[in-house]
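>>> Predicted structure and sequence below. I'll ask about it afterward.
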Amino acid sequence: MNKMTLEALKTELCEYLAGAAAAYFPSAVLPAKEELEAQLKASLEYPPDPSMGDIAVPCFKLSKILRSAPPAIAAKLGEGIAEKLPFIEKAEIAGGYLNLTISGRFYREGLLPAILDAKEKWGGSDVGRGKTVVIDYSSPNVCKPFHIGHLGTTVIGHSLKLLLEAVGYKVIGINYIGDWGTQFGKMIVAFDKWGDRSATEKRGVDELLDLYVRFHREAENDPSLDDMARAEFRKLENGDERNLELWKWFREISIEEYKKTYKLLGIEFDSWKGESFYTDKMPRQVEKLRESGLMKQDKGAWLVDLEDYKMPPCLILKSDGSTLYPTRDIAAAVYRKETYDFDLALYVTSAGQSLHFAQWFKVIELMGYDWADKLVHVPYGTISVGGAKLSTREGNMVLLRELFADAIEKVDGIIAEKNPDIENREEAAEAVGVGAVIYHYLWNSRIKDISFNMEDALSFDGATGPYVQYTYARTASILSKAGELADAQYSPGDYQPNEYESALLRQLMLLPEKVAAAIEGYEPSVITRYSYDVATAFNRLYQSTRIIGAESEEVQNFRLALTRAAGYTLKSSLGLICLKTPEKI
Ligand code: ARG
């Protein structure tokens, strides 16, 4: 048998089953062979308990076209299958199911070589080749702090980028920073009143944040401040030189700060074109809307009525002629289509913005852009810390930078106790601290509202980043201890994997499907949970079986190859959810 993935196994299996159906039921009117094969493949299931086999073929739907009872069909299709297909070990009929057990030979000769070949790219494919996806994510608002509310968009967005790249798409990551808007008017007023140039140079974004918080505090008692802020922003929009210079400066300070956090996360963007970039791109779209007659005036403002679609109207221009958030998004989408000719455009934001996206997506459609259906909003739930309500204006926001620093410091303390002589301590503490936060966050399906708990995130036991990263380091340490033995070429003999080995292999083979499922649902948590299953299966094997010093050289060679394959799988899956995998922890 040559190297072979689960996908290839399923393809061959269904080819066989389609052929068997035709041969055993000659009088049935079957769909075209490829069609039948595709239907069969889509219907395959994994039995909940491995004692029932590894793959189940449900025969209920076939019953109609084959005009037989499902158990009879299962019996016929399963007849002699293990003799004919080397990757099947045995077949059992259970009700209307044909339950198949995958052979040790498939794991030894097919799967293991396939993983060892793919290395840390295991799980990838090229189904997306030739297609382009743009992802709009992270996108913090300049002058406001980069806080825990941005964790979701940042790590979900980046995981989706990595997942799509792994299956061959060209992906453009866009940080659509909020670098335009009335907050700049507020900042300019605050800076003029209470700001200090050298303090701002020194303290950077912290100073900006203090000014921002102070503005809101004082504006509560002095509403004239808001009028002043509006006037300063108007001046900025009209190109006032001094205000433009301040704007640029505030923007730079903020970006510099964001970049520190992105570096920690290993994130780089392909584009930083923020809201300000679209200032001169909006008039063309507003004109188009006007000409199409879609826009109507209401109390001075211009809007697109969406009553027919059961949504409130989409605001395009305020009564003073200034543009709004949807106006900019419309212009940006057109620009991105013209620039990247995307096949798909994703927008990762909190679920609080769902209506906004539904509205302007609809406007794009009404404008006649035939790519409107390529726009997808990927929403996520809220995050709270210790149950407290967080607010930028109150100044009690948990900053991402501080959250990560706290995690790194705590992990460093744990490592100092567990493994004081480790040479890469700083690197390990950073990777595990940051990884713990991400993993904890990406464990839940994205739409769920979650409460962040640092202690849970940092635990080295249970479903945590540190646990899975530690398991990876364990595979690395076994391989390094085995030295030359581990480097020896893997040669499949005829060793029959034991229960722990089969259980691990059964997990490892799933990564390509998990990647596909994560992309299908825009759901990185599929990978987070999977990585935990792999780590658990590996640790069970490790605790029950001798890897180095196994009963024979052949078995040892097999187990070391399996350890290597588990390491690749862990590295690949953790990498897809933005986690690093230090060799030593
Ligand atoms: N800056 C916005 C915010 O922090 C998110 C932008 C999302 N992207 C977009 N194209 N609207 O709420």
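Sure, I can see it. Numbering: from 1, shown residues only.

>>> Kindly report the residues of the stretch 251-400 of the chain close to the ligand.
Residues of the stretch 251-400 of the chain lying near the ligand by Cβ under 6 Å from any ligand atom: 329, 347, 349. C-beta here means a position set from N, CA and C on the backbone, and glycine is covered the same way.

>>> contacting residues around M311?
By Cβ atoms under 8 Å, 6 or more residues apart in numbering, the contact set of M311 is 355, 358-359, 362.

>>> mind putting those in TSV, neighbour count and secondary structure included?
Compiled in TSV, these are given as follows (neighbours: other Cβ atoms under 10 Å; DSSP: H, G, I helix; E, B strand; the rest coil):
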residue	neighbour count	secondary structure
L355	13	helix
A358	15	helix
Q359	21	helix
K362	17	helix
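
>>> which pair in those spans the largest distance?
L355 and K362 (10.6 Å; Cβ to Cβ).

>>> ok so, going back, filter the residues of the stretch 251-400 of the chain next to the ligand down to the ones in helices?
D329 (DSSP state H).

>>> chain center to the least confident helix or strand in the chain by mean pLDDT: distance?
Lowest by mean pLDDT, DSSP states H and E among the helices and strands of the chain is helix 484-487, with a mean of 84. Chain-centre distance of helix 484-487: 35 Å, with Cα atoms, centre = their mean, to the nearest Å.

>>> what do you get for stretch 134-149?
The answer for stretch 134-149 is 17 Å, by Cα atoms, centre = their mean.

>>> Ok, stretch 51-69 next?
35 Å.

>>> can you tell me the helix or strand for the nearest residue to G300 once chain neighbours are set aside?
Distances taken as Cβ to Cβ, 6 or more residues apart in numbering put S319 closest to G300, at 3.0 Å, once the chain neighbours are dropped. Taking DSSP states H and E as the definition, S319 sits outside all helices and strands.

>>> Distance check, S319 against W360.
Relative to W360, S319 is positioned 20 Å away (Cβ to Cβ, to the nearest Å).

>>> And for whichever residue of the stretch 151-300 of the chain sits closest to the ligand, the neighbour number?
Proximity of the stretch 151-300 of the chain to the ligand (Cβ to the nearest ligand atom) peaks at G178, 3.6 Å away. Neighbourhood size, G178 [other Cβ atoms under 10 Å]: 18.

>>> so it makes contact with S139?
Yes - look at G178 against S139 with Cβ atoms under 8 Å: they come within range, at 6.6 Å.

>>> Common neighbours of the two, please.
With Cβ under 8 Å, 6+ apart, G178 and S139 have common neighbours G274.

>>> Geometric centre of this protein: which residue is closest?
S159 (3.0 Å; Cα atoms, centre = their mean).

>>> Tell me who's in contact with the residue nearest to G300.
S319 sits next to 299-301 when contact means Cβ under 8 Å, 6+ apart.

>>> State the distance spanning the first to the last residue of stretch 483-497.
23 Å (Cα to Cα, to the nearest Å).

>>> Excluding its own residues, what touches it? List them.
104-105, 107-109, 112-113, 116, 478-480, 505, 548, 554-558, 560-561, 563-564.

>>> For G19, give its distance to the ligand.
51 Å (Cβ to the nearest ligand atom, to the nearest Å).

>>> Dump the residues of the stretch 251-400 of the chain next to the ligand to CSV, plus pLDDT and neighbour count.
Formatted as CSV, these follow (pLDDT from 0 to 100; neighbours: other Cβ atoms under 10 Å):
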residue, pLDDT, neighbour count
D329, 98, 24
Y347, 98, 24
T349, 98, 23
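
>>> Out of the residues of the stretch 251-400 of the chain next to the ligand, which is nearest to V57?
Taking those together and measuring to V57 by Cβ to Cβ, the closest member is Y347, at 39.6 Å.

>>> The closest one contacts H377, correct?
Yes - at 5.1 Å, Y347 and H377 qualify as touching, with contact defined as Cβ under 8 Å.

>>> Quick check: neighbours shared by those two?
Common neighbours of Y347 and H377, using Cβ under 8 Å, 6+ apart, are F357.

>>> thinking again about what came up before, which of the contacts of S319 ranks first by neighbour count?
That'd be A301 among the contacts of S319, by other Cβ under 10 Å, with 16 neighbours.

>>> residues contacting the residue in the stretch 351-500 of the chain positioned nearest to the ligand?
Relative to the ligand, the nearest point of the stretch 351-500 of the chain is Q353 (6.5 Å; Cβ to the nearest ligand atom). Contact analysis of Q353 by Cβ under 8 Å, 6+ apart lists 377, 379.

>>> same check, this time on R474
Applying Cβ under 8 Å, 6+ apart, the residues near R474 are 538-539, 542.

>>> between those, which is nearest the ligand?
Distances from the ligand to those, taken by Cβ to the nearest ligand atom, are shortest for F538, at 38.9 Å.

>>> Hmm, that closest one is touching A476, no?
No - with contact defined as Cβ under 8 Å, F538 does not count as touching A476 (12.0 Å).

>>> neighbour count winner among those two?
F538 (28 against 20).

>>> so the nearest residue to the more buried one once chain neighbours are set aside is in which element?
Once flanking residues are discounted, F538 sits nearest to A566: 4.6 Å by Cβ to Cβ, 6+ apart. Assigning secondary structure by DSSP H and E places A566 in helix 553-576.

>>> which residues touch the nearest residue to G95 once chain neighbours are set aside?
Spatial nearest neighbour of G95, chain neighbours left out: P71 (6.4 Å); criterion: Cβ to Cβ, 6+ apart. Contact analysis of P71 by Cβ under 8 Å, 6+ apart lists 59, 93, 95-96.

>>> List, one by one, the residues from the stretch 101-250 of the chain near the ligand.
So the stretch 101-250 of the chain meets the ligand at 136, 139-141, 176, 178 (Cβ under 6 Å from any ligand atom).

>>> does the residue nearest to G95 sit in a helix or strand, and which one?
helix 70-78.

>>> At which residues are the strands of this structure located?
55-58, 88-94, 97-102, 132-136, 170-174, 295-298, 301-304, 314-317, 344-350, 375-380, 383-385, 450-452 (DSSP state E).

>>> from the stretch 451-585 of the chain, which residue is nearest to the ligand?
Counting by Cβ to the nearest ligand atom, the stretch 451-585 of the chain gets nearest the ligand through Y522, at 15.1 Å.

>>> Ramachandran coordinates for that residue?
Dihedral angles of Y522 (phi, psi; degrees, to the nearest 10) stand at phi 50, psi 50.

>>> Just give the number of residues close to it.
22.
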